[in-house]
Structure formats: C-alpha cells, structure tokens
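>>> Based on what follows, work out the 3D shape:
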Amino acid sequence: MARPRPERSEPQSEADQAGSGALAGLRDSLADDPPPRRAADHQTAPDGPASLRSWAAWKTILVTLYHRTNDDRLLAVAAGTVFYGLLALFPAITALVSSYALFSDGNTINQHLSLLAGLVPAGAFSIIQDQVGRVLAKGDVKLGTAFLFSMALALWSANGGMKAIIDSLNVVYGEQEKRGFFKLNAVSLAFTLGSLAAVLAAIGLVVAAPIVLSMVGLGATADALIRYGRWPALAVLVLFGLAVLYRYGPSLTAPQWRWISPGSVAAALSWLAGSAALSYYLANFANYDATYGSLGAAIGLMVWMWMTTIVVLLGAQLNSAIDQQLGTPGARRGASPKTIRRDPQLVGRNS
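This next block holds a predicted model:
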C-alpha cells in the first residue's frame, strides 16, 4: 500500500517573507510592550505612601497643579464665584445678625466682629459694618412668622453663593454634578448654615473665651494657655470646615474623608497669610479710593473674596493632584506631566 506523499510547500516569494517577518516583529513588540492606553484612562502608577517622600514626586505634583490651574482657568472660575458671592454676602449678613440677636444684644455684634477685622481689609470690613448697622436699624429681632420668612429668604439668597463654590469645586476635580435638584440644594443649604454657625463659633472663641475665664477664675498659667489657645482653636475650626467642604462639596465618584489634608492645610495657611498681606498692602500702598472713588472699599472687598476663593480652589486642586500621584481610587483622571513625558504617544492627546 503506497504511503501518501507529504505535500510540498511552495517556496515563498521575497514579498511574502518580508510580510511574515513584519508580522512576527509586530507580535513580539506587542508581547513585550502592552498597547498604550488612552490619556483619559491613564493614571500615574502608584508607588505607595513612599511616592510622596521624594522631591521628584512633589515636583510632578506641583507641575500637575500648575497645568491644571491653567487648563481649568482657575482664576476666571474664582472671579465668577466672587460675583455670586457678592450677591449672597448681604443676605448672609442679614441672616448672621438675626441669628446673633436671638442670643445676645445685637448692638454689640459690630464690636465683637471688630476683633476679627485683622483678617479682612479695612475697606472691606467697613462695608460689612455698614450692612450690619442697616440691619440693626430695623429694630429688635423677635422670633415670629415674619422673622422666619425673612430668615428663610436670606438663607436662600446666600445659598446661591455656596452653590457657586460647589460648582467651582466640580471644575477643579473634573466632575459633573450628579446630584439631583433637591439633594444639591440640601447640601448647599447645609453648608450655608454651617458657615453661619462657624462665624458665630469664631466670635464665641474670640469674644466669649476671656469673659468665661474671668468668671471661672482659673490660675494665671491656665488663663494664658486658654486665652492664647483660642487662635489655634480658630485655625482648627477653619481646617475642619475645609475638610468638610472638600469631602461633601464636589460631586465626587469615590469620596474619601480626611480630617487633615495637604490641600486644607495649604489653603488655611495661605488664606491667613494672604489676608494679612492684602490688608497691609491696601492700607499702605494701594489707594483704591483715589482710583475708584466711592467704590474703593467694594473693590477691596472683591479682591479679598477673590483671593479667598483662589486659595480654597487651589487647596482642592492640590488634593486632586496628590490623589492622582498616589493612584487613589476616584482620583481625577488624565495623564500627569510625568506620564506624558514618559509616553510620547500621549502628548498629542493631552495638548
């Protein structure tokens, strides 16, 4: 029985051999180097907590912070937030004075607020004092239907400024607002009420602490400790407020709670230093009254509010850049400058 002869392979042409070699090379290249991911799906590979212990990591974070600030047009976003903040300022002052007058003599609020005047430029503080005086001129505040209605109207008007801040934080974190109308307004109203409570608490720390200490009659050491410790307590209050704002303000996909974050610390310190520097500059160098006339105090107030909004948004931007560097779940997506330099194929997609 004859065995079937094996089929003879036809000799390949030079073109076929070249094509086979190219396919083999492409297969080997894909096996060695995985295909590049899209910039929107790429994040810096996390190295764990140690990735923040090197200067190179912080350089990457600062470069990312710089580029994001430009890409998000942070200064313009802050200016838009100030517009809504100005519209909300006077209703918020009305709500603050009305709340204060329920528990204390309303005529003393200007005196108590003056103890916090060092944090606000002099011209800006005069606007606040004038509005407080106009509210007090309406007469004694009494709890009733009219008061509750006016209080609710003032809170709703002030709520617009808080929603502008929340919208700005969504821009910083690269998020779209996913909460419904009622939930969003509930969150913003809670922040509005919390802000009023924080101001009242700050007044209590600065004003009420010495009065209580004089009544209790503590020793000289304890008295000095608590008397000067109210200012660190005020700083802790600011840090806590920023932590709550960064956690619950933006519509984050995977939010994480942090008592203290680098962004909140940087924002608090920058705000204190910036407020003091701006107050000194306006008092000694800039003469807004000569340039803007009767609007000089209002311009100073707007500049201070703009500076405040910028440092708050930069603190959130810093937290977002650090989360991306560490590969934190839910961090803002997108290639960092370090990743773009490492993968040239992403340059065109991120420019």
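>>> Tell me where the stretch 201-350 of the chain has helices.
Here the stretch 201-350 of the chain has its helices, by DSSP state H, counting those that start in this stretch, at 209-216, 220-248, 262-284, 288-292, 296-326, 337-342, 347-350.
>>> burial of W156, as a residue count?
Counted with other CB atoms under 10 Å, residues neighbouring W156 total 15. For the C-beta atoms, the positions are set from N, CA and C on the backbone; glycine is no exception.
>>> Now do the contacts for it.
W156 is in contact with P91, L189, counting by CB atoms under 8 Å, 6 or more residues apart in numbering.
>>> Could you do the one 10 residues further on as well?
Taking CB under 8 Å, 6+ apart as the contact definition, I166 lies against E177, L184, V187, S188, F191, G249, P250.
>>> Tell me where the stretch 51-200 of the chain is predicted with low confidence.
For the stretch 51-200 of the chain, applying pLDDT under 70 flags the ranges 51, 103-107, 110, 112, 115-119, 139-147.
>>> picking that back up, from the contacts of I166, which two are the most distant?
Among the contacts of I166, the pair separated by the greatest distance (CB to CB) is E177 and F191, at 14.7 Å.
>>> Do you know the pLDDT at R258?
Looking at R258, its pLDDT reads 80.
>>> Excluding chain neighbours, what is closest to it?
Of all residues not flanking R258 in the chain, A243 sits nearest, at 6.1 Å (CB to CB, 6 or more residues apart in numbering).
>>> Number of residues surrounding that neighbour?
A243 is flanked by 17 other residues according to other CB under 10 Å.
>>> about what we covered before: when E177 and F191 are compared, which one has more neighbours?
Neighbours per residue, other CB under 10 Å: of E177 and F191, the larger number sits with F191, 22 against 12.
>>> What are the contacting residues of stretch 72-91?
For stretch 72-91, the external contacting residues (CB under 8 Å, 6+ apart) are 68-69, 131, 153-165, 167-168, 171-172, 301-302, 305-306, 309-310, 313-314, 317.
>>> now M307: how far from A273?
From M307 across to A273, the span is 10 Å (CB to CB, to the nearest Å).
>>> again but with A224, I slipped
Distance, A224 to A273, by CB to CB: 25 Å.
>>> repeat for T60
25 Å.
>>> For stretch 184-200, list every residue counted as buried.
For stretch 184-200, burial by neighbour count (16 or more other CB atoms under 10 Å) applies to 184, 187-189, 191-196, 198-200.
>>> quick one: contacts of it?
So stretch 184-200 is contacted by 92, 95-96, 99-100, 155-156, 158-159, 162-163, 165-166, 177, 179, 237, 241, 244-245, 248-249 (CB under 8 Å, 6+ apart).
>>> In helices only, show me those.
Using DSSP state H, the subset of the contacts of stretch 184-200 located in helices is 92, 95-96, 99-100, 155-156, 158-159, 162-163, 165-166, 237, 241, 244-245, 248.
>>> rewinding a little: would you format the helices of the stretch 201-350 of the chain as TSV with distance to F83 and mean pLDDT included?
TSV is the format used below for the helices of the stretch 201-350 of the chain (distance: least, CB to CB, whole Å; pLDDT from 0 to 100):
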stretch	distance to F83	mean pLDDT
helix 209-216	36	65
helix 220-248	19	78
helix 262-284	19	86
helix 288-292	17	78
helix 296-326	9	88
helix 337-342	32	42
helix 347-350	31	40
